[in-house]
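# My questions are about this predicted structure, shown below with the sequence.
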Amino acid sequence: MRPNITMDSNCSDVITPILERLYLSPMYGLEFTIGFIGNLVVVLGYIFCLPAWKSTNVYLFNLSVSDLIFLCTLPELSYNYAHNQKKFSFALCVVNRYILHVNMYSSILFMMWVSVDRFLLLCHPQREHILLTVKASLCITILNWIWVNAQIAPLIVFIIQDLKQNDWTACHDFGSLGEARVTLIYTIVLTITGYVLPLVGMFLSSQRMVSVLVKREELLGTSFQRPVRIVRAAAIMFLVLYTPIHIMRIVRLASRLPELNLSHCVLDYINAVYIVTRPIGFAHSVINPVFYFLMTDSFKEALQDKWKQIKRMLLTSP
């Protein structure tokens, strides 16, 4: 049950609709426009340009496919927020929210495995380690998808329960779903298992890479800092983009607990800050293609070769 709050002001009649129309709608539209193009290039590049796949390519390809599917849900959200439409179909509400959160947690998990892959490659440059094989990466990928879907599955129950309470019309965001106490417990567990642990794994991988590279530099006198910088940049990206939305989602749910008895305006200000963090958290799908080009030189070279072939065909065609 939602707390019984006295309407001491009209905050929600102004702040939330303005943010949804003037902030969420254009931000989602911008993220779709930029991110869709970048991720589509990556997906097509992997399918048509890359001659030989390695373990890293498997993780990055699945990451780009996940981002591409997620980005396709943004135009609908952008349109609804722009026209202040609160009504969604049952199927659209469930599928949209489900894809959004599966993408969020699959992204950081796949990027963690990319970091582990980069570390193992430093230790085993001949790829003799079993986790550096394509077969192992495919098995890990399947387990990743199963794990992430199991993590997000309870969200479907919360969405359906919330839709029932609102006569199957209003589709609320994660922070506004159902019984605040139950949803709060779930989001804390999801934050720890789906965000904190993979992020720690990324930072640990980068730290282990540093120790290995320091020893190599002492022996060979050559700098090998580029892989570490890339892995650290990915970890910092998720830290900067994901931390605000996870903190504010917990704060938003905690603020709805009846025993706190917060005023309506305070609740609306908290929700406003939570709204601001949402497009920031989803911006990873726009930035991820940069890492596809930086992580593996073979992919970048394959795209360059294909582009040269296309230019030659256009120049020689009558």
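Yes, it's here. All values reported here derive from a predicted model rather than from experimental measurement.
# State the distance from S211 to V228.
Distance, S211 to V228, by CB to CB, to the nearest Å: 10 Å. To be clear about C-beta, it is placed using only N, CA and C from the backbone, and glycine gets the same treatment.
# Then L120?
14 Å.
# residues in contact with P227?
Counting by CB atoms under 8 Å, 6 or more residues apart in numbering, P227 touches 118, 122, 209, 213.
# let's go with 7 Å and repeat that
By CB atoms under 7 Å, 6 or more residues apart in numbering, the residues touching P227 are 118, 122, 209.
# Go through those residues and name the one nearest S64.
Nearest to S64 out of those is R118 (CB to CB; 17.4 Å).
# Pull the contacting residues for L68.
Neighbours of L68 in contact, by CB under 7 Å, 6+ apart: 36, 39-40, 43.
# between the residues you listed, which is closest to R232?
Distances from R232 to the contacts of L68, taken by CB to CB, are shortest for N39, at 22.7 Å.
# which secondary structure element contains the closest one?
Assigned by DSSP states H and E, N39 belongs to helix 25-48.
# now do E128
Counting by DSSP H and E, E128 is part of no helix or strand.
# Which elements pack onto the helix of greatest length in the chain?
If you go by DSSP state H, the chain has its longest helix at helix 90-123. Packing partners of helix 90-123 (3 or more CB pairs under 7 Å, 6 or more residues apart in numbering; DSSP states H and E): helix 55-71, helix 134-165, helix 197-220, helix 226-255, helix 284-295.
# hey, least reliable of those by pLDDT?
Per-stretch mean pLDDT for those is lowest at helix 284-295 (a mean of 79).
# With neighbour numbers in mind, choose between S211 and V228.
Higher neighbour count among S211 and V228: V228, with 20 against 9, using other CB atoms under 10 Å.
# ok, the more buried one - contacts?
206, 209-210, 213.
# Could you export the contacts of P227 as JSON lines, including distance to C72 and neighbour count?
Converted to JSON lines, these look like this (distance: CB to CB, whole Å; neighbours: other CB atoms under 10 Å):
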{"residue": "R118", "distance to C72": "29", "neighbour count": "20"}
{"residue": "L122", "distance to C72": "36", "neighbour count": "16"}
{"residue": "M209", "distance to C72": "35", "neighbour count": "25"}
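# Kindly indicate which of those residues lies nearest L60.
Using CB to CB, the contacts of P227 come closest to L60 at R118, 11.4 Å.
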